[in-house]
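# kindly generate the corresponding structure for this input.
(one chain, ligands or ions: 3)
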Amino acid sequence: MTRIVLLPGDGIGPEVTEQARLCLAYLSERRELNLSFETHDFGGAAIDRHGEPLPEATLAACRAADGILLGAVGGPDWDDAPARPEAGLLGLRAALGLFANLRPARVIAGLEHLSPIRGDLVRGADILIVRELTGGAYFGTKTIDAERASDEFAYTREEIERVAHVAFAAARRRANRLTLVDKANVLATSRLWRQVVGEIALGYPEVAVEYVYVDAAAMALITNPRRFDVILTENMFGDILSDELAVIPGSIGLLASASTGTERAALFEPIHGSAPEIAGMDVANPAGAIASAAMLLDHVGQSEMAFLLRGALDDVLSSGTLTADLGGGASCSEFGEAVRTRIDARLCRVDAVRSLVGVNRGMTA
Ligand SMILES: NC(=O)C1=CN([C@@H]2O[C@H](COP(=O)(O)OP(=O)(O)OC[C@H]3O[C@@H](n4cnc5c(N)ncnc54)[C@H](O)[C@@H]3O)[C@@H](O)[C@H]2O)C=CC1
Ligand SMILES: CC(C)CC(=O)C(=O)O
Ligand SMILES: [Mg+2]
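Numbers count the residues shown, from 1 in each chain. Ligands and ions are numbered 1, 2, ... in the order given. Model (predicted):
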């Protein structure tokens, strides 16, 4: 039994997570994957029910899970809560030691027009941001009074080393190019990042490394996206750049992520937030959540099913079934249903090929 914990959270989180769950459940049923699902309160929904965004029972379930599928947290309902929903998300990432956050984006051939950027610029773009997820300004000591506020922005060598190895290993599986994005002309932390990454690069001689300041990288990402393969960067820069990354394929609703780290549990979530202004309307794009479910399948050793799910997702997008963020008229649930129809078609094709191969084997035996 593969134990999957669902944390739908707030806003559009429950809607997109449900479509991803239905895809996983459909695959599980058709191919006897033996996936089990349990849902837990998290974020604003957990504040409402338990008075805190990350209840102990939720954390315990996550620790015991093979994979966690999260929607999104936050929204105006909790702006004045003593502990914001977002604190639960950071708390979960820290508690599970999820220091590496992988955010891929790829432009599907023939779908360049979905990007607001010129088609000739985005054609063939395929980028992975590896974002450090448990350090930097989001986790540093904070102070605030009426006159002054501060957020400590610190990194240790060990924090940089472990995520750098993840990024170099990913580059090795991809196009062997890694860009460290930093602000080493003004930040001490960035200078340490450059030093440590330069040392680690010696162990990956096949990977070409370049260093780009974050301001220049923000421009190059949308003016020359093919320049990049793997982007390695610290927490806040990675957060900001990955929303920008979503513009390349066309919408933040498309992007998935996987967070892994020191413990067994790994977390999968679309990169977007809770989009409260469209919550409950069945119009959100569930593609990022479904693609996150595919990353979860990879994590639990179901790579063939992950490949099939990604293929089904690409089929639906290529067929012109699009949600409103991409200029289409499909609802969130219609899009999810279309993905399941394509899963079915792909499974039938696999079965047909297998039985043909079986027949041919029988004939030659
Ligand atoms: N991982 C998480 O749980 C995250 C939570 N948040 C929280 O979410 C709330 C809203 O934050 P925003 O800054 O507005 O970011 P957001 O990502 O929720 O929304 C930004 C824009 O993208 C659109 N959008 C986002 N996801 C979409 C989808 N799947 N389909 C179609 N359109 C989509 C929204 O409608 C909005 O126009 C805040 O409380 C924020 O703290 C923000 C980012 C990540
Ligand atoms: C609470 C935020 C750090 C969440 C976010 O924007 C993200 O992880 O992308
Ligand atoms: Mg973000």
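# quick one, strands of the protein?
With strands called from DSSP state E, the chain shows them at 2-9, 35-39, 67-72, 100-106, 126-132, 142-144, 149-151, 177-182, 208-213, 230-233, 258-260, 267-268.
# any idea which of the ones you listed gets closest to residue 356?
Residue 356 lies closest to strand 35-39 among these, at 28.7 Å (CB to CB). (Each C-beta comes from the backbone N, C-alpha and C, glycine too.)
# where do the domain boundaries of the protein fall?
1-99+261-365, 100-249 (automatic domain parsing).
# so for the longest one, mean pLDDT?
Taken as a whole, domain 1-99+261-365 has an average pLDDT of 96.
# next: stretch 105-123.
98.
# so it, near ligand 1 or not?
No. Stretch 105-123 stays clear of ligand 1 (CB under 6 Å from any ligand atom), getting no nearer than 12.9 Å.
# what comes up buried for that stretch?
105-107, 111-112, 114-115, 117, 121-122 (16 or more other CB atoms under 10 Å).
# do stretch 77-89 as well
Here stretch 77-89 shows 77-78, 84-89 as buried, counting by 16+ other CB under 10 Å.
# quote the end-to-end distance of it.
16 Å (CA to CA, to the nearest Å).
# that stretch and ligand 2 in contact?
Yes. Using CB under 6 Å from any ligand atom, stretch 77-89 reaches ligand 2 at 86, 89.
# circling back: possible to save the domains of the chain as TSV with distance to residue 255?
Shown next, in TSV, are the domains of the chain (distance: least, CB to CB, whole Å):
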stretch	distance to residue 255
domain 1-99+261-365	4
domain 100-249	5
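# tell me the most buried of those?
domain 1-99+261-365 (a mean of 19; mean count of other CB atoms under 10 Å).
# could you check how far the closest residue to ligand 2 within the stretch 51-200 of the chain is from residue 24?
Taking CB to the nearest ligand atom, ligand 2 has its nearest neighbour within the stretch 51-200 of the chain at residue 86, 3.8 Å off. Residue 86 sits 26 Å away from residue 24, going by CB to CB, to the nearest Å.
# tell me the contacts of the spatially most central residue of the chain?
Note on the chain: the residue nearest the mean C-alpha position is residue 257, at 1.0 Å, using CA atoms, centre = their mean. By CB atoms under 8 Å, 6 or more residues apart in numbering, the contact set of residue 257 is 101-103, 242, 268-271, 292, 295.
# before we move on, what about residue 134?
By CB under 8 Å, 6+ apart, the contact list for residue 134 reads 93-94, 97-99, 159, 235, 261.
# related to what we said a few turns ago, for the buried residues of stretch 105-123, which one is nearest residue 190?
Using CB to CB, residue 105 comes nearest to residue 190 of those, at 23.6 Å.
# please name the nearest non-neighbouring residue to the closest one.
What sits nearest to residue 105 in space, not counting adjacent residues and going by CB to CB, 6 or more residues apart in numbering, is residue 245, at 4.8 Å.
# pretty sure the one you found contacts residue 126?
No. Look at residue 245 against residue 126 with CB atoms under 8 Å: they stay out of range, at 11.2 Å.
# what do these two both touch?
In contact with both residue 245 and residue 126: residue 105, using CB under 8 Å, 6+ apart.
# next step: the buried residues of stretch 105-123 restricted to helices.
Applying DSSP state H to these, the entries found in helices are 121-122.
# re earlier: look up phi and psi at the residue nearest to the centre of the chain.
phi -150, psi 160 (degrees, to the nearest 10).
# show me what the helix ranked longest in the chain is packed up against.
Criterion DSSP H: the longest helix present in the chain is helix 332-364. The helices and strands touching helix 332-364, judged by 3 or more CB pairs under 8 Å, 6 or more residues apart in numbering; DSSP states H and E, are helix 13-31, helix 287-299, helix 303-318.
# ligand 1 contacts on the stretch 51-200 of the chain?
72-75, 86, 89.
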